[in-house]
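Q: coords below, sequence missing:
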């Protein structure tokens, strides 16, 4: 790969993003965690909010997990937020507030994989470690004509070697940022801008007419379908909330009491009886169905129903409606409650 052409393209076309004006590993780390599985346009406002509320790793480490999850609300993949909080504490208590400066030690941090460790090591400490994300897979696959599936052990091994051989080790930070940006803006997944590509003459895929066929990726795992019935149980100015604690989606976030049913069925009379017993409530009327929506996660598709149920009294798990804004909620529930105007 002609790294000089690539870096020249980067200097002329790069987006002006706040984390590109710093070598502070805290800010680079934060941006990389936010941008995992997230587009820049969606992640940027969250980055700005986090930097404002937690300007350094000490502020993040000293915060409460619920506060972190609330700020993360709507970004999805909440394990990232929990790992973010855990690692901030580790940086403060184990490393005295200073991030490890080597790729190997960065990899030991919770939530920091090969890509994130490489980004921090190269951007902050000028280590010649190549970053490999979806954009880089695509650029290298097309430039080199590599048809091995990118999501296989063999593919990952080949691309790791190719990335190391292709990078400009004299300026690793600029090179890594350039190749990622090139994939994001020029070598697009669909309708790449081949006609104006500065690397056109050395691109095997372009020269052989295989641009649209590369990179190769094996089919995703089967999508799991689930049906959730969330029940707005209320009495006067209080409602019930429960914290999700199982090793499942939305762990440690709060939700309305839930009945999960198979095959998109409505709760049976027995389901409702068990629900009343579990929450120790006496309903004043039959449950009223309010709305239905579909919510797609990476490996799960949720058929979600919302119900309303008034009761004569509530347990200690009830919260004041005015305090709802303090609780981190899955975005689909937060949107329902906002629209319902409690």
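A: Yep, that arrived. Here the structure is a predicted model, which means the values were calculated and not measured.

Q: can you give me the strands in the chain?
A: With strands called from DSSP state E, the chain shows them at 224-235, 238-240, 242-243, 254-255, 258-261, 288-296, 300-310, 318-320.

Q: helix or strand with the lowest mean pLDDT in the chain?
A: Lowest by mean pLDDT, DSSP states H and E among the helices and strands of the chain is strand 318-320, with a mean of 87.

Q: which residues touch stretch 170-179?
A: The contact list for stretch 170-179 (C-beta atoms under 8 Å, 6 or more residues apart in numbering) reads 3, 6-7, 9-10, 14, 20, 118-119, 122-123, 126-131, 135-136, 139, 166-168. No exception for glycine: its C-beta is placed from N, CA and C like everyone else's.

Q: sitting in helices, which of these do you find?
A: Mapping those onto helices (DSSP state H) picks out 3, 6-7, 9-10, 118-119, 122-123, 135-136, 139, 166.

Q: and of these, the nearest to residue 106?
A: residue 118 (8.4 Å; C-beta to C-beta).

Q: which residues does the closest one contact?
A: 103, 129, 130, 131, 132, 176.

Q: just for the protein, where's the confidence low?
A: Applying pLDDT under 70 to the chain flags the ranges 315-316, 342.

Q: picking that back up, export the strands of the chain as JSON lines, with columns for mean neighbour count.
A: Putting the strands of the chain into JSON lines (neighbours: other C-beta atoms under 10 Å) gives the following:
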{"stretch": "strand 224-235", "mean neighbour count": "19"}
{"stretch": "strand 238-240", "mean neighbour count": "21"}
{"stretch": "strand 242-243", "mean neighbour count": "14"}
{"stretch": "strand 254-255", "mean neighbour count": "20"}
{"stretch": "strand 258-261", "mean neighbour count": "16"}
{"stretch": "strand 288-296", "mean neighbour count": "12"}
{"stretch": "strand 300-310", "mean neighbour count": "18"}
{"stretch": "strand 318-320", "mean neighbour count": "16"}
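
Q: could you provide the ones you listed in JSON lines, with additional columns for distance to residue 30?
A: Shown next, in JSON lines, are the strands of the chain (distance: least, C-beta to C-beta, whole Å):
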{"stretch": "strand 224-235", "distance to residue 30": "31"}
{"stretch": "strand 238-240", "distance to residue 30": "33"}
{"stretch": "strand 242-243", "distance to residue 30": "25"}
{"stretch": "strand 254-255", "distance to residue 30": "24"}
{"stretch": "strand 258-261", "distance to residue 30": "32"}
{"stretch": "strand 288-296", "distance to residue 30": "26"}
{"stretch": "strand 300-310", "distance to residue 30": "27"}
{"stretch": "strand 318-320", "distance to residue 30": "30"}
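
Q: for residue 19, see how far away residue 40 is.
A: 10 Å (C-beta to C-beta, to the nearest Å).

Q: ok, the two, which is more surrounded?
A: Between residue 40 and residue 19, counting by other C-beta atoms under 10 Å, residue 19 is the more crowded of the two (21 against 13).

Q: with adjacent residues omitted, what lies nearest to that one?
A: Spatial nearest neighbour of residue 19, chain neighbours left out: residue 31 (3.9 Å); criterion: C-beta to C-beta, 6 or more residues apart in numbering.

Q: same thing with residue 1?
A: Counting by C-beta to C-beta, 6+ apart, residue 1 lies nearest to residue 166, which is 4.5 Å off, once chain neighbours are set aside.

Q: residue 30 too?
A: residue 50 (5.9 Å).

Q: pretty sure the one you found sits against residue 34.
A: Yes: Residue 50 is within contact range of residue 34, at 7.3 Å (criterion: C-beta atoms under 8 Å).

Q: filter the contacts of stretch 170-179 to the buried ones?
A: For the contacts of stretch 170-179, a burial check counting by 16 or more other C-beta atoms under 10 Å picks out 3, 6-7, 9-10, 14, 118-119, 122-123, 126-131, 135-136, 139, 166-168.

Q: closest to residue 145 out of the strands of the chain?
A: Residue 145 lies closest to strand 288-296 among the strands of the chain, at 34.0 Å (C-beta to C-beta).

Q: ok, residues contacting that closest one?
A: Contact with strand 288-296 is made by 232, 266, 301-309, 332, 336, 340, as judged by C-beta under 8 Å, 6+ apart.

Q: what do you get if the cut-off is 10 Å, keeping everything else the same?
A: Strand 288-296 is contacted from outside by 223, 225-232, 249, 264, 266, 301-310, 330-333, 335-336, 339-340, using C-beta atoms under 10 Å, 6 or more residues apart in numbering.

Q: over to stretch 87-95?
A: Residues from elsewhere that reach stretch 87-95 (C-beta under 10 Å, 6+ apart): 25-26, 29-30, 33, 54, 56-63, 65, 68, 97-100, 105, 108-112.

Q: my guess is residue 98 meets residue 57, correct?
A: Yes: counting by C-beta atoms under 10 Å, residue 98 sits close enough to residue 57 to count as a contact (8.9 Å).

Q: which one of these two is surrounded by more residues?
A: residue 57 (24 against 11).

Q: pull the contacting residues for the more buried one.
A: 24-27, 29-30, 87-92, 95, 97-99.
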